[in-house]
Every structure is written in C-alpha cells, then in structure tokens.
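K.L.:
The following comprises the amino acid sequence and a computationally predicted model.
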Amino acid sequence: MSLLQTLPYSLYNNLVKRKDWIQKVTTVKKIRDANAKNGEELINYFDKKGYTLSQFYKLLKDCDISLTETNSQSGALANQSRPILKIAILVANARYDNWSHLVTPISDCKILADILKSMGFIIFLLTNVNSKQFRESMTELCTIIPTKSYVLFYFAGHGFELCGTKYMLGVESPSEKYTIDNGVSENFILKNGFLNKPDLFILLLDMCRKQPDRVSNPDIYLNIPRMEEYKHTCNLIIGYATSPYMPSFEKLCCESANSLSQVQHDTCEINHMTKSDNLESFNEEESSSESDGIGDQVTHKLTSEKKLNGVSLYVNHLSKYLNKNEDFIRILELVHKEFANEQCEQALLQKPQKLDNVAGQFYLHLKAKGHKETEEKLHSIVNELHNQGINIAIK
C-alpha cells in the first residue's frame, strides 16, 4: 500500500499544517527535486517516490522531526462509546432474469466482507434476491439488531433514481416495464434500519442513479412514488457510488486460460442493459455466469479459453481505505479523492457522493461489547430465511 494510504490522518494533518519540517527534510536529505511549497506537496512527493510508512517514519526520525501526532483521534476514540454489536448487511444482485448479468457484485461483497469481518463485524450476505425476498430479509434482520449498535448496509446491482429516491432492483425485475415495486427503496432500508435506534447507520449504494426511460417505461411516471416515512433516530452516513442521473462502472478483467499474464482490462457501465445488449469490449451473448454458492465470486465465461471477473470502481477504491483506523467520513473523503485522480475516462462520469448527519466522529475499528442472545437470534433468523429459499449467509 502507498504512503498516502497508510499514513495516519492525524499525523498527515499535523505535517500539512507545519512548515518547519519541510526545510529540515530537504536540507538534511539534500533533496533538490521536491519543489514543495507546503507540507502536503512534500508528502505527495515521497508518496510518488514509493516511500513506505516505515521508510517515511525513519526519514522523519533521521531529520529529528517529532512524530507526536495530534490528539484529535485519541480524544475522539476516548469519547466514543463502544457499540453493542457491529453488523454489516451486504446485498449482491448479479444474475438478473431480464437485465444484463453483472460481473462484480458478489466479489465486491466478498472483498468488503473480509475486511469488515477482520474489524469485528457480523456479516450477513444476501445474493441474487428478488424484491420480496429483499424486503423480508431486511425486515427480519432489523427487528433484532439491538440499540446502540453500528450497522453498515451495502448494495451492489442494478438500480435507478426517481423523484430523488433511489431504488435497488430485485433480480425478477422486467427490463422495460418495471415499477417501483420491483425495487427496494433507500427509504425502506432507512425506515427499518432506524427501527431499534442504532448508534450509527451507514448506507452505501453501488449502482447507477439514472432515471427510467420515459419512452419505454412511461407508466412509472404517472403516479407519485410511495415514499416510506422514517424517523431519523441515529447518526447517519450515506455513500453513493455515483451522482444523480449518472452511471456506475465495473472494472473488468479478461484472463486467458492459456496465459494468465495476458490480462485485458476494461470498464463497463452498471446500467439498464438487457440480456441482449453487448458489453462494449466483451461479447455478452457468448458468456455465461457461474456461482458455486453464497459468497463465491461470479465468473462470466466468454469462451472456453477466457473468463471475466473484476471489481466495481467504487469498491476498488473503498477497499483501499476501509480498514484504516480513521473516522468513516474521512475514509469516504479519501475514496472520493481516489476518483478525482482516476485516469480512466469512465471516472469522469462516475463521481461519488456522500451525505451525513452525525454528531462526532465514528471509527469502525472500535471493538463491540457483544450480545450473545442477539447473536443467537440472528443466526436463527438466517436459518429460517435460508429455509424459505432466500440466498443468505452469516459470517
């Protein structure tokens, strides 16, 4: 990982504000090509030079620069009460009945699940669920989540935006004449998520936010969508993978079975393509999807000699910072900065957004107190939902 990815934000912020260390470093180390006018530019210089965190610490020590960090993080952690439980609900819809199959949702959720599990989260993974199964699962899980907990919800799949509300599509959705009943709204998620007053609720939507086409689907505009009302009872952070009316992209990798070193990369839009549409660089008509079960990566096989996999652009950047011991809002800011530095042209169309209404800072590494009775109930609910034919697993 790069220096900017591993450098504690409190130290970074401290060095950015200080000027004394710039002259020390450039003089002692006789650095002539830095041309740094401030602390941020000098840190970026060492990042581009490939410095690791340990090398950067040694450089500061050699130059007799204090490593004392600001106490903002330690103070925030001291004042932050431990959550009862930390729960992540991850939904991966990849294999749609009438829309194009998506490559990355299950692998995206698996990447996030591994990181969050290492941070002490209980993981619930839903895969390829229809809208009815989606709603039932969220209702059942959220009724058990105890108060004063942390909840992180993430969705990867097809979606749309209508009248300012975002809808996550179930796998049964028609490709053209779909209605809001084929989707689960973010308001529904928040209404159920706030039910037992968790201390923090994080909503992450990794999907397109385009509006339904008025020509092929005019009926969806005839009625004002039903809005689920909810009472804002906890700290809320929302992260959207893209901006209103804009697409979201998958970063795909096509590997040859005969030569794993020859890899072709491309980015494809997570949009309203039907099964008959073609991916720009890969022939969807020749592909098929395989999944060995919940939590396994979906691989699209284009031919007998090639396979297609990848990661969404959003998770590609989020996974770099999610395990950092930083305030979560700061983590989203770092993700947005990565998008700003992204070189591919698709990143110009995909600009993530965040909304927040929080009191203080929230560090996801904070250890949960634990609640054995609730954990047993959650396991029981997962078994019941699984027996109903819903693809759900707990990790």
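P.N.:
Cool, the structure landed. This structure is a prediction, so every number in the text was calculated from the model and none was measured.

K.L.:
Spell out the residue ranges of the helices in the chain.
P.N.:
Listed in chain order, the helices of the chain (DSSP state H) span 3-6, 9-17, 20-28, 39-48, 53-62, 72-79, 105-118, 131-144, 186-193, 313-321, 328-341, 372-387.

K.L.:
Only alpha carbons, please: show the last one as CSV.
P.N.:
When you say that, I think you mean helix 372-387. What follows is helix 372-387 as a C-alpha-only set of coordinates in CSV (Å, rounded to 0.1, in the frame of the first residue of the first chain):
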residue,chain,number,x,y,z
LYS,A,372,-24.8,-13.3,22.9
GLU,A,373,-28.6,-13.6,23.0
THR,A,374,-29.0,-11.3,20.0
GLU,A,375,-26.3,-13.1,18.0
GLU,A,376,-28.1,-16.4,18.6
LYS,A,377,-31.4,-14.9,17.4
LEU,A,378,-29.7,-13.5,14.3
HIS,A,379,-28.3,-17.0,13.5
SER,A,380,-31.8,-18.4,13.9
ILE,A,381,-33.3,-15.8,11.6
VAL,A,382,-30.7,-16.6,8.9
ASN,A,383,-31.6,-20.3,9.1
GLU,A,384,-35.3,-19.5,8.8
LEU,A,385,-34.8,-17.2,5.8
HIS,A,386,-32.5,-19.8,4.2
ASN,A,387,-35.1,-22.5,4.6
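
K.L.:
residues of that helix that come out buried?
P.N.:
374, 375, 378, 381, 382, 385 (16 or more other C-beta atoms under 10 Å). All C-beta atoms are positioned from the backbone trio N, CA, C, and that covers glycine.

K.L.:
helices or strands up against that helix?
P.N.:
strand 122-127, helix 131-144, strand 392-394 (3 or more C-beta pairs under 8 Å, 6 or more residues apart in numbering; DSSP states H and E).

K.L.:
My read is that residue 203 contacts residue 239, right?
P.N.:
Yes: counting by C-beta atoms under 8 Å, residue 239 is a contact partner of residue 203 at 7.2 Å.

K.L.:
Compare the two and say which is more crowded by neighbours.
P.N.:
The neighbour comparison of residue 203 against residue 239 (other C-beta atoms under 10 Å) goes to residue 239, with 24 against 20.

K.L.:
Now that one: closest residue in space that isn't a chain neighbour?
P.N.:
Excluding its sequence neighbours, the residue lying closest to residue 239 (C-beta to C-beta, 6 or more residues apart in numbering) is residue 204, at 4.5 Å.

K.L.:
Who are the contact partners of that neighbour?
P.N.:
152, 153, 154, 155, 238, 239, 241, 318 (C-beta atoms under 8 Å, 6 or more residues apart in numbering).

K.L.:
now do residue 136
P.N.:
385, 388, 390.

K.L.:
how close does it get to residue 38?
P.N.:
Residue 136 is 54 Å from residue 38, where distance means C-beta to C-beta, to the nearest Å.

K.L.:
Low-confidence regions, the stretch 151-300 of the chain specifically.
P.N.:
Counting by pLDDT under 70, the stretch 151-300 of the chain has low-confidence residues at 254-300.

K.L.:
Find the centremost residue of the chain, please.
P.N.:
Residue closest to the average C-alpha location in the chain (C-alpha atoms, centre = their mean): residue 315, at 4.9 Å.

K.L.:
And it, how close does it get to residue 106?
P.N.:
11 Å.

K.L.:
Now do the end-to-end distance for stretch 361-375.
P.N.:
This stretch, stretch 361-375, spans 26 Å end to end (C-alpha to C-alpha, to the nearest Å).

K.L.:
Out of the helices and strands packed on helix 372-387, flag the one nearest residue 347.
P.N.:
strand 122-127 (27.3 Å; C-beta to C-beta).

K.L.:
and the closest one, C-alpha only, in CSV?
P.N.:
Coordinates of each C-alpha in strand 122-127 appear next as CSV, following Å, rounded to 0.1, in the frame of the first residue of the first chain:
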residue,chain,number,x,y,z
ILE,A,122,-21.0,-9.8,11.9
ILE,A,123,-21.6,-10.2,8.2
PHE,A,124,-24.9,-11.0,6.5
LEU,A,125,-24.6,-11.7,2.8
LEU,A,126,-27.6,-11.8,0.5
THR,A,127,-27.1,-12.8,-3.1
